[in-house]
Every structure is written in C-alpha cells, then in structure tokens.
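Student: pasted the sequence and its predicted model underneath.
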Amino acid sequence: MLVRPETREPPVYAVGGIPLAQWRLILLGLGLVVACVVPFALKNFYIFQITLAIIYAIAILGLNLLTGFNGQFSLGHSAFYAIGAYTAAIMMENLGINYVWTLPAAAVVCFVFGFLFGLPALRLEGIYLALATFALAIAIPQALKSTVVEHWTGGVQGIVIIKPDAPFGLPLNSDQWLYVLTVVVAIVMYVCAANLVQSRTGRALIAIRDHPVAASAMGINVSLYKSLTFGVSALYTGVAGALGAIAIAFVAPDSFTFVLAVALFVGLVVGGVASIPGTLVGGLFVLFVPNIAESVSKGLAGAVYGVILLLVIYLMPSGAAGLARLVTAKLMQRR
C-alpha cells in the first residue's frame, strides 16, 4: 500500500497579522498616491528637485543591475549618463526632434556603447575593471570638449535646451509635466528591472556574480551575459541622462565629471546593493544630502557631507534595504 508523503504548505510571513505580500501592495499603493499628490502640493522648485532625485534613482538602478546583481564593479557610469544627456540635447536642438523620441534613442545609443565597452572589459575583473571604467569617466567629458565634435556638442559652452510644455493642453506647467513624465518612465523601467531580476536571465546574472566558474559549468554563457548586462546597465543610465538633460534644460561636459560617478556609487551603497526599491532612497540621498550639508556650513560642506555619510554607513551597513529587512525580521519575531 502506497502512502502519500505529507505535504506542507510554505510558511506565510506576516507583520501585524498582515502578510508581507499585502504590506508590499499597501506600500506600493501609498507610494503611488504620494507620487500623484506631489505635483499639485509642492512648489515648482521642490517638484524639480524630486524629479532629479527620481532621475538619479533610475541611473543608480542601472548601476545596481551591473554591480549589485552581476558583480561587475563600475566607476564610470557618469559617462553613460553624459552620452544619454547629449543624445537628447543634440536631437532636440540640432535636429529638431521631439523630446519624447530622445528617450528610446538614448536607450539604444547607450546600450550599444555599453555592450561594446563590455566586450573588452570581459578580460578585467574587480579593481582592474573599476580602473577601466574610471578611465572612461575621465575621458568622456574631455572628448565632449574636443573641436572635432564641438559643432554638435557645443564644446565647453554646452547646449541649452528649451523645456517642453505639457502636451494635449494639460493644465500643467513644465516642471509638473516633466515630473509626471519622469515618474511614468521610472515606473516602466522599475517594472522591467524587477521582471528581469526575477526571470531566468536574472538568476543567471546572480549565478555569475556568486560563482562565475560554476555558472559556466552549468551552461551559462558568462561572456555574453556580462556584455549584455553592461549594455542594459548603460541603457538605464542613458535614459536617466536624457531625462536629466530635458529637466535641467542644459548640458555641458563639466556636469558629468567623475564626481557624478562617485555620487551614483554612493547612492547604490546607501540604498542597498542588489535592492531595486533601495535605489529610490539612493536617489534622494544623492540629491538632498549635499544640499543639507551646504545649508549646515557652506565652508565645510564637504566635511559635513562626509560625517553624514559615515553615520549612514555605520547605522546602515547594508544600506536602507538591509535596514528594512532587519526591521521586518524584528517585527516578525515579536509576533
């Protein structure tokens, strides 16, 4: 007589009697409500700042896909941000193309550039790859100043862009409309990133990060996945650059120095490595904390920023995502 083995249902984790899955939906709904209220409840300056924070979050998300989920260390994503920004600026001002079409164009250009850069970078790992991307971050701003491309890039002076108005007669000013556009683009890109990470491809990326030799033995094409990840990461950062150019209405080579690359990396660490929602916290940190440090002391803004960063790293060694997981675990233990 055959006896069926006892089957156990997987445990359902809950906080306050509410399953974690429902908590995620609740928080997501609250976030969408807040996002809808922001353009009508705040002044234009604050709307502009939040728009930039979301743009930085998209760029950090691209860096997170490369470093957090695939294990490739990069200090050069300011270069992809610059390429995306200049793609949008050149298309709008020199070619007269509508700003909407600059976003997919920047995505394609940066994907190709990132994929091609990722091919020779396959021979590099760790600090050597970081050094190669650092060289890229240093070279791109100088290349944009070159007299060879000055006709297109505007050289040192850069390119001034006219901020687009809201389409279809919507009762929104330029800042409100660009905020709405940025939020819509961010939602699409975050959903795509979450689906990518949870897919078979995402599991392959994580396997390569954790143990490339074992991943190769399992039949994963490590070289192809690494190059494609570099391209996708550059795509995300390039779209962020295009949105940043449209929002600021100006691009210049000195806006995309190595300082921007370091800021994106700081946002990655503060938000949480390999955390998609944490990139939003990273974007807010990158934009607002330097302003807070400057408001405390203009002469010692760098020192104040360093102290704040040290405190954040000390209190949240795993970033905001790690802190959220720790708090959730504590609440579940008290249940």
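Tutor: Received the coordinates, thanks.
Student: contacts, neighbours, all on C-alpha from now
Tutor: Fine.
Student: now do the strands in the stretch 1-150 of the chain.
Tutor: 14-15, 18-19 (DSSP state E, counting those that start in this stretch).
Student: where among these is the average confidence lowest?
Tutor: Here the lowest mean pLDDT among the strands of the stretch 1-150 of the chain goes to strand 14-15, at a mean of 62.
Student: how about stretch 21-39: buried residues?
Tutor: Using 16 or more other C-alpha atoms under 10 Å as the test for burial, stretch 21-39 gives 38-39.
Student: mind starting the numbering at 538 from now?
Tutor: I'll keep to 538 as the first residue from here, and by that count the last item is stretch 558-576.
Student: need the contact list for Asp747.
Tutor: Gly608 (C-alpha atoms under 8 Å, 6 or more residues apart in numbering).
Student: give me the number of neighbouring residues for Phe582.
Tutor: 10 (other C-alpha atoms under 10 Å).
Student: from Leu681, how far out is it?
Tutor: Separation of Phe582 from Leu681 (C-alpha to C-alpha, to the nearest Å): 29 Å.
Student: next: Val806.
Tutor: From Val806 to Leu681 the distance is 29 Å (C-alpha to C-alpha).
Student: isn't Phe822 up against Gly804?
Tutor: Yes. Counting by C-alpha atoms under 8 Å, Gly804 is a contact partner of Phe822 at 6.5 Å.
Student: neighbour count winner among those two?
Tutor: Gly804 (30 against 24).
Student: surely that one is in contact with Thr816?
Tutor: Yes. The pair Gly804 and Thr816 qualifies as a contact (C-alpha under 8 Å) at a distance of 7.0 Å.
Student: which residues are in contact with each of those two?
Tutor: In contact with both Gly804 and Thr816: Ile597, using C-alpha under 8 Å, 6+ apart.
Student: which residues touch Val849?
Tutor: Contact criterion C-alpha under 8 Å, 6+ apart gives Val807 as the residues in contact with Val849.
Student: change it to 10 Å
Tutor: The contact partners of Val849, by C-alpha atoms under 10 Å, 6 or more residues apart in numbering, come to 807, 843, 855-857.
Student: that one: which element?
Tutor: Element membership for Val849 (DSSP states H and E) is helix 838-852.
Student: buried ones in that helix?
Tutor: Across helix 838-852, burial judged by 16+ other C-alpha under 10 Å covers 838, 841-842, 845-846.
Student: what about stretch 766-784, distance to the chain center?
Tutor: Distance of stretch 766-784 from the chain centroid (C-alpha atoms, centre = their mean, to the nearest Å) equals 8 Å.
Student: list the buried residues in that stretch.
Tutor: Neighbour counts over stretch 766-784 (16+ other C-alpha under 10 Å) mark 766-784 as buried.
Student: quick check: pLDDT value at Glu546.
Tutor: So, for Glu546, pLDDT stands at 56.
Student: what residues are up against Val725?
Tutor: Going by C-alpha under 10 Å, 6+ apart, Val725 touches Thr719.
Student: any idea how far it lies from Leu860?
Tutor: Val725 sits 26 Å away from Leu860, going by C-alpha to C-alpha.
Student: before we move on, what about Val750?
Tutor: Taking C-alpha to C-alpha, one finds Val750 at 32 Å from Leu860.
Student: those two: which is more packed in?
Tutor: Neighbours were counted for Val750 and for Leu860 using other C-alpha under 10 Å; Leu860 has more, 16 against 13.
Student: and the more buried one, which helix or strand is it part of?
Tutor: Assigned by DSSP H and E, Leu860 falls in helix 856-871.
Student: may I have that helix exported as PDB, CA atoms only?
Tutor: Output of helix 856-871 as PDB, limited to C-alpha atoms (Å, rounded to 0.1, in the frame of the first residue of the first chain):
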ATOM      1  CA  GLY A 856      22.000  50.200   3.200                       C
ATOM      2  CA  ALA A 857      18.400  51.200   3.500                       C
ATOM      3  CA  ALA A 858      17.300  47.900   2.100                       C
ATOM      4  CA  GLY A 859      19.200  46.000   4.700                       C
ATOM      5  CA  LEU A 860      17.700  48.200   7.500                       C
ATOM      6  CA  ALA A 861      14.200  47.500   6.100                       C
ATOM      7  CA  ARG A 862      14.900  43.700   6.200                       C
ATOM      8  CA  LEU A 863      16.200  43.900   9.700                       C
ATOM      9  CA  VAL A 864      13.200  45.900  11.000                       C
ATOM     10  CA  THR A 865      10.800  43.500   9.300                       C
ATOM     11  CA  ALA A 866      12.600  40.500  10.800                       C
ATOM     12  CA  LYS A 867      12.400  42.100  14.300                       C
ATOM     13  CA  LEU A 868       8.600  42.700  13.900                       C
ATOM     14  CA  MET A 869       8.100  39.100  12.800                       C
ATOM     15  CA  GLN A 870       9.900  37.800  15.900                       C
ATOM     16  CA  ARG A 871       7.700  39.800  18.200                       C
END
